[in-house]
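> Give me the fold of what follows.
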Amino acid sequence: MNKTKVPALVIGGIILFVASLMVAGANPVTAISQLLTGSVGSASAISGTIREMTPLLILGVSVFLALKAGLFNIGAEGQFLVGSCFAAATMLAVGGPLGVVLGVLVGAISGGLWALPAGYIKAFRNGHEVITTIMLNNIAVNLTKWLVSGPFKGEKAVSATTATLPINSQLTPLIKIGQFELPQAVVVGILLTVGVGYWLTKTTSGYELRAAGANPTAAEFAGVKTKQVTVKAMFLSGSIAGIAGALQIAQFEHRFYDGSSVGYGFDALGVALLAGGNPYGLFASSFLFGALNKGGTSLMGLGIDKGITTMVLAIVIIIFAAIKYRQRGGQND
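Take a look at the predicted model:
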């Protein structure tokens, strides 16, 4: 994508946001000031934004990797749910730091396995991954709901939730200064972003994945086993989504309950799309989404529905995706 397009979209999004505020009868200056204060106006607000950003960054990496393989992984939501559910059960069963490590590993494996059918069907049956991942999302919601209402339900729980992780199984902030906290999970997200970015651009297998995504026919002709690459890419994408779920439990939620995801997997699609073709753009796009999610709640004090920020972002992403689609009609990135 032309590098001038992203700033233009950001400016367009700001104009659209201001216009939406005016239509809602709000003072744009007051609303934007409140949004900024609620997201970055204090140490506590910044910590809240980083908390919102963390799962979006890791899930953004998951979706970004799939996009580079030519796959539209709508299933990050389900992979996140399955990963977090089985990770929580593992952390509770094992306990302590070892339980956290094994929980993250189980989250990665379960998320990857949940994505695997979509990759296989895409590669060997030419079934569209959007359809299969949407179906898998629905199954994941119902499966985890059943698990947390039955086998995984905490002994003293009155609702559909696991027991709370013991203190020694909870990740503490890496840095805590006053009201500012830097979670360990966001550091994992940064390392994953850098690692995936390096792998995609500096290794043979990463090049093969990008080649298969950009032009499968040409890649196959050049000797790339595109079917295997497709399956591997979907598994890796699901694994990263599962890691996001596991870290969400260990760092923030400390238990799994029915409805744990609150749509992080779907927001991650926007995060990955706004990053364009650059993996390091995920830092900015996930922070933007995190800031809007955190700051959007402060708009409610002005009588403004926080959903207005989601609406504006959705429109910008649709425009962004339309531009990308039109460009791909003429040439590959």
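
> ends of stretch 65-78, how far apart?
Using Cα to Cα, to the nearest Å, the end-to-end distance of stretch 65-78 comes to 17 Å.

> Near S149, how many other residues are there?
Other residues lying near S149 total 14 when counted by other Cβ atoms under 10 Å. C-beta here means a position set from N, CA and C on the backbone, and glycine is covered the same way.

> One more: K68?
Neighbours around K68, by other Cβ under 10 Å: 24.

> for S286, same thing?
31.

> Would you list the phi and psi of it?
For S286, the backbone dihedrals (degrees, to the nearest 10) come out as phi -70, psi -40.

> Show me how far the particular helix or strand that has V196 in it is from its chain's centre.
V196 is part of helix 184-202 when elements are defined by DSSP states H and E. With Cα atoms, centre = their mean, to the nearest Å as the basis, helix 184-202 stands 14 Å off its chain's centre.

> From the contact counts, what lies against that helix?
helix 43-68, strand 173-177, helix 204-214, helix 226-247, helix 281-298 (3 or more Cβ pairs under 8 Å, 6 or more residues apart in numbering; DSSP states H and E).

> Let me know the angle separating it from helix 226-247.
160 degrees (axes from the mean of the first three to the mean of the last three Cα atoms, to 10 degrees).

> Tell me the buried residues in helix 184-202?
Q184, A185, V186, V188, G189, I190, L192, T193, V196, G197, W199, L200 (16 or more other Cβ atoms under 10 Å).

> Quick one: mean pLDDT for that helix?
Per-residue pLDDT values across helix 184-202 average out to 98.

> Dump that helix to PDB, keeping only the CA atoms.
Presented in PDB, the C-alpha positions along helix 184-202 are these (Å, rounded to 0.1, in the frame of the first residue of the first chain):
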ATOM      1  CA  GLN A 184       4.900  -9.100  31.400                       C
ATOM      2  CA  ALA A 185       2.400 -10.100  28.700                       C
ATOM      3  CA  VAL A 186       2.900  -7.000  26.600                       C
ATOM      4  CA  VAL A 187       6.700  -7.800  26.600                       C
ATOM      5  CA  VAL A 188       5.800 -11.200  25.200                       C
ATOM      6  CA  GLY A 189       3.700  -9.500  22.600                       C
ATOM      7  CA  ILE A 190       6.600  -7.200  21.600                       C
ATOM      8  CA  LEU A 191       8.900 -10.200  21.300                       C
ATOM      9  CA  LEU A 192       6.400 -12.200  19.300                       C
ATOM     10  CA  THR A 193       5.900  -9.200  16.900                       C
ATOM     11  CA  VAL A 194       9.700  -8.800  16.400                       C
ATOM     12  CA  GLY A 195      10.200 -12.500  16.100                       C
ATOM     13  CA  VAL A 196       7.500 -13.000  13.500                       C
ATOM     14  CA  GLY A 197       8.600  -9.900  11.600                       C
ATOM     15  CA  TYR A 198      12.200 -11.300  11.500                       C
ATOM     16  CA  TRP A 199      11.000 -14.700  10.500                       C
ATOM     17  CA  LEU A 200       8.800 -13.500   7.600                       C
ATOM     18  CA  THR A 201      11.400 -11.200   6.200                       C
ATOM     19  CA  LYS A 202      14.800 -12.900   6.900                       C
END
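
> what's next to it, contact-wise?
50, 53-55, 57-58, 61, 64-65, 68, 171-174, 205-207, 209-210, 240, 243-244, 247-248, 250-252, 279-280, 282-283, 286 (Cβ atoms under 8 Å, 6 or more residues apart in numbering).

> So among those, which ones count as buried?
Buried among the contacts of helix 184-202 by 16+ other Cβ under 10 Å: 50, 53-55, 57-58, 61, 64-65, 68, 171, 173, 206, 209-210, 240, 243-244, 247-248, 250-251, 279, 282-283, 286.

> quick one on the thing from earlier: tell me which of the helices and strands packed on helix 184-202 lies nearest to F124.
helix 226-247 (6.2 Å; Cβ to Cβ).

> Does anything pack onto the helix or strand following the closest one? Which helices or strands?
As assigned by DSSP H and E, the chain's next helix or strand after helix 226-247 is helix 264-274. When contacts are defined as 3+ Cβ pairs under 8 Å, 6+ apart, helix 264-274 packs onto helix 43-68, helix 76-94, helix 226-247, helix 281-298, helix 307-330.

> what pLDDT, on average, does the longest one get?
Right, helix 43-68. When pLDDT is averaged over helix 43-68, the result is 97.

> cool, and stretch 13-26?
76.

> So for that stretch, what gets flagged as buried?
G13, L16, F17, V18, S20, L21, A26.

> Repeat that for stretch 22-42.
A26, A31, I32, Q34, L35, G38, S39, V40.

> and what of stretch 217-232?
For stretch 217-232, a neighbour-count test (16+ other Cβ under 10 Å) marks A219, V224, T226, K227, V229, T230, V231, K232 as buried.

> Then stretch 302-320?
I304, K306, I308, T309, T310, V312, L313, V316, I317, I319, F320.
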